[in-house]
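K.L.:
could you look at this predicted model? Sequence included:
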Amino acid sequence: MNAANDEIVLTYRIETPGSVERLAAKIASDQSTGTFTTLPGETPELKARVAARVVAIRPLEPVAEPGFGRTHNDLRNARRFNRGEADIAFPLEAVGTDLAALMTIAIGGVWSIKGFSGIRVTGLRLPPAFAEAWPGPQFGIEGSKRLMGVEGRPMIGTIVKPALGLRPDESAAMTRALAEAGVDFIKDDEKLMSPAYSPLAERVRAVMPVVLDHEQRTGKKVMIAFGISATDPDTMMRNHDLVAAAGGNAAVVNINSVGMGAMSFLRKRSSLALHAHRNGWDILTRHPALGLDFSVYETFWRLLGVDQFQINGIGAKYWEPDDSFVRSFRALDRPLFSPADRPLPVVCSGQWGGQAPATFEAVRTTDLLYLCGGGVVGHPMGPASGVRAVRDAWEAAVAGVPLEHHARTHPELAASMAAFGSGDGA
């Protein structure tokens, strides 16, 4: 096996008033064999076998102001902040394939090292041993399409709204209307798990008969993703089993809230498509000089077995700019080790049919789940018309027909453009 197959390579974007090269070497030392003094047993042979090493440094343009601000004593008087990208290789023998070890050794401790005015993890390359150690998606893109019975167009989804407050019978009534309108996917809002006014067991008992009745009459089974997240992995597994026993085929998991261990526990036992909501992700990435890129973050969850991954969208209602969404989409679309390990990209956040042309232009594929909350449920003609409007918009986008022209013969699309066309998130 060659050296590349035995190494884990991370890319760090370094900013410092001092030397980028020196700090790259410090990352390699501190995060593997080094400490503040020479230790007994720290031989050259040991370092050659398990020490991390800097394999490349690419200079970037310096900046006049530090990414972290001037609150630290060592940054207050500096006039120039040097920048560069450093590739650092960690021997597989030293880290292993455990994801907690990888996070701890190669990422977690880096942010506490002195001397940085900015430090961000921007890349991660793993050897094939990780493909053997972790299950990856059970369904992913192709399995999700098969479960929803969709081919050649985006999967159209929505969220039960209002996010909080609906009782089980009200959720069932909305599910019935959406299913009749031809929606492919319905999910609980990430904030809806098992509150007193809508316990998960009661919600499943109310909603699943509607789904199964619609399947029996039409042959189409709408994918319903129930919120099963819980602190205790055993509780989350019982929630999973409740959904599966009722004939469900998907679940929403708040991945940052439950953690990697709980996700691993669930995936090894799951028969449902696992829909990842990344709430809390912004803490890890919103500061441009700190945290990590989505391509690094999603790799952990993809290996753990996420089938569908929410990533915002064009013209999102949240902070994330369009180019960040496109990078996230591309990250999910690239195979780690094989095409089967790609999670389904879920385009969401303030989406309605109006963003379909720009989205298709950016990603050039329909292998995605287009998830609209208020953009469907808040349609002026009702949720069923909201579904039809989004489907009409995507039909026009793929055909290269301007929405304004398509809307002349598609009243639901015309109504949505009148309601949401200001550019505000729906």
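P.N.:
Alright, I've got the coordinates.

K.L.:
so this protein: which segments form each domain?
P.N.:
Per the record, the chain has its domains at 3-133, 140-420, by automatic domain parsing.

K.L.:
which stretch in the ones you listed has the least confidence?
P.N.:
When these are ranked by mean pLDDT, domain 3-133 comes last with a mean of 88.

K.L.:
now the strands: where do they sit in this protein?
P.N.:
For the chain, the strands defined by DSSP state E occupy 7-16, 53-63, 81-91, 118-125, 155-159, 185-187, 223-227, 250-254, 273-277, 290-292, 308-310, 344-347, 369-372.

K.L.:
in TSV, list the domains of the chain along with mean neighbour count.
P.N.:
From N, CA and C alone the C-beta is placed, and that goes for glycine too. What follows is the domains of the chain, written out as TSV (neighbours: other C-beta atoms under 10 Å):
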stretch	mean neighbour count
domain 3-133	16
domain 140-420	20
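
K.L.:
re the thing from before, with distance to residue 390 added, can I get the strands of the chain in CSV?
P.N.:
CSV is the format used below for the strands of the chain (distance: least, C-beta to C-beta, whole Å):
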stretch, distance to residue 390
strand 7-16, 38
strand 53-63, 41
strand 81-91, 40
strand 118-125, 34
strand 155-159, 5
strand 185-187, 12
strand 223-227, 16
strand 250-254, 19
strand 273-277, 18
strand 290-292, 32
strand 308-310, 17
strand 344-347, 11
strand 369-372, 6
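
K.L.:
so which of those strands is nearest residue 30?
P.N.:
strand 81-91 (11.0 Å; C-beta to C-beta).

K.L.:
quick one, phi/psi of residue 97?
P.N.:
phi -100, psi 0 (degrees, to the nearest 10).

K.L.:
rewinding a little: what about the strands of the chain, which gets the closest to residue 298?
P.N.:
Among the strands of the chain, if distance is taken as C-beta to C-beta, the winner is strand 308-310, at 6.4 Å.

K.L.:
quick one: contacts of that closest one?
P.N.:
Strand 308-310 has contacts (C-beta atoms under 8 Å, 6 or more residues apart in numbering) with 144, 250, 273-278, 298, 301-302, 332, 343-346, 348-349, 369, 371.

K.L.:
please name the residues that touch residue 273.
P.N.:
Contacts of residue 273 (C-beta under 8 Å, 6+ apart): 138-139, 143-144, 147, 223, 225, 249-251, 307-308.

K.L.:
er, residue 150 actually
P.N.:
Taking C-beta under 8 Å, 6+ apart, one finds residue 184 in contact with residue 150.

K.L.:
closest one of the contacts of residue 273 to residue 98?
P.N.:
For the contacts of residue 273, the closest approach to residue 98 (C-beta to C-beta) belongs to residue 138, at 20.8 Å.

K.L.:
would you quantify the distance from that closest one to residue 103?
P.N.:
According to C-beta to C-beta, to the nearest Å, residue 138 and residue 103 sit 23 Å apart.

K.L.:
any idea how far apart the tips of stretch 77-95 sit?
P.N.:
Stretch 77-95 has its terminal residues 39 Å apart, counting by C-alpha to C-alpha, to the nearest Å.

K.L.:
ugh, typo on my part, it should be stretch 237-257
P.N.:
15 Å.

K.L.:
use 6 as the first number for this chain going forward.
P.N.:
With 6 as the first residue, the last one maps to stretch 242-262.

K.L.:
what are the contacting residues of stretch 195-210?
P.N.:
With C-beta under 8 Å, 6+ apart as the criterion, stretch 195-210 contacts 165, 168-173, 176, 193, 231-235, 244, 247-248, 251, 253, 257, 259, 282, 284.

K.L.:
residue ranges of the helices in the stretch 306-431 of the chain, please?
P.N.:
327-338, 361-368, 379-382, 388-404, 408-412, 416-425 (DSSP state H, counting those that start in this stretch).

K.L.:
quick one: those helices as CSV, columns for distance to residue 55 too.
P.N.:
Output for the helices of the stretch 306-431 of the chain, formatted as CSV (distance: least, C-beta to C-beta, whole Å):
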stretch, distance to residue 55
helix 327-338, 29
helix 361-368, 41
helix 379-382, 52
helix 388-404, 51
helix 408-412, 58
helix 416-425, 56
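
K.L.:
tell me which of those sits nearest to residue 37.
P.N.:
The nearest among these, by C-beta to C-beta, is helix 327-338 at 26.6 Å.

K.L.:
please export the C-alpha coordinates of that closest one as PDB.
P.N.:
Taking Å, rounded to 0.1, in the frame of the first residue of the first chain, the C-alpha atoms of helix 327-338 are listed here in PDB:
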ATOM      1  CA  ASP A 327     -25.600  31.600  -2.800                       C
ATOM      2  CA  ASP A 328     -22.000  30.700  -3.500                       C
ATOM      3  CA  SER A 329     -21.700  28.900  -0.200                       C
ATOM      4  CA  PHE A 330     -24.800  26.900  -1.000                       C
ATOM      5  CA  VAL A 331     -23.300  25.900  -4.400                       C
ATOM      6  CA  ARG A 332     -20.100  24.800  -2.700                       C
ATOM      7  CA  SER A 333     -22.200  22.700  -0.200                       C
ATOM      8  CA  PHE A 334     -24.100  21.100  -3.100                       C
ATOM      9  CA  ARG A 335     -20.900  20.200  -4.900                       C
ATOM     10  CA  ALA A 336     -19.500  18.700  -1.800                       C
ATOM     11  CA  LEU A 337     -22.400  16.400  -1.400                       C
ATOM     12  CA  ASP A 338     -22.400  15.600  -5.100                       C
END
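
K.L.:
helices or strands up against it?
P.N.:
helix 299-309, strand 349-352, helix 361-368 (3 or more C-beta pairs under 8 Å, 6 or more residues apart in numbering; DSSP states H and E).

K.L.:
make CSV from these and add distance to residue 319 to it.
P.N.:
Shown next, in CSV, are those (distance: least, C-beta to C-beta, whole Å):
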stretch, distance to residue 319
helix 299-309, 16
strand 349-352, 8
helix 361-368, 5
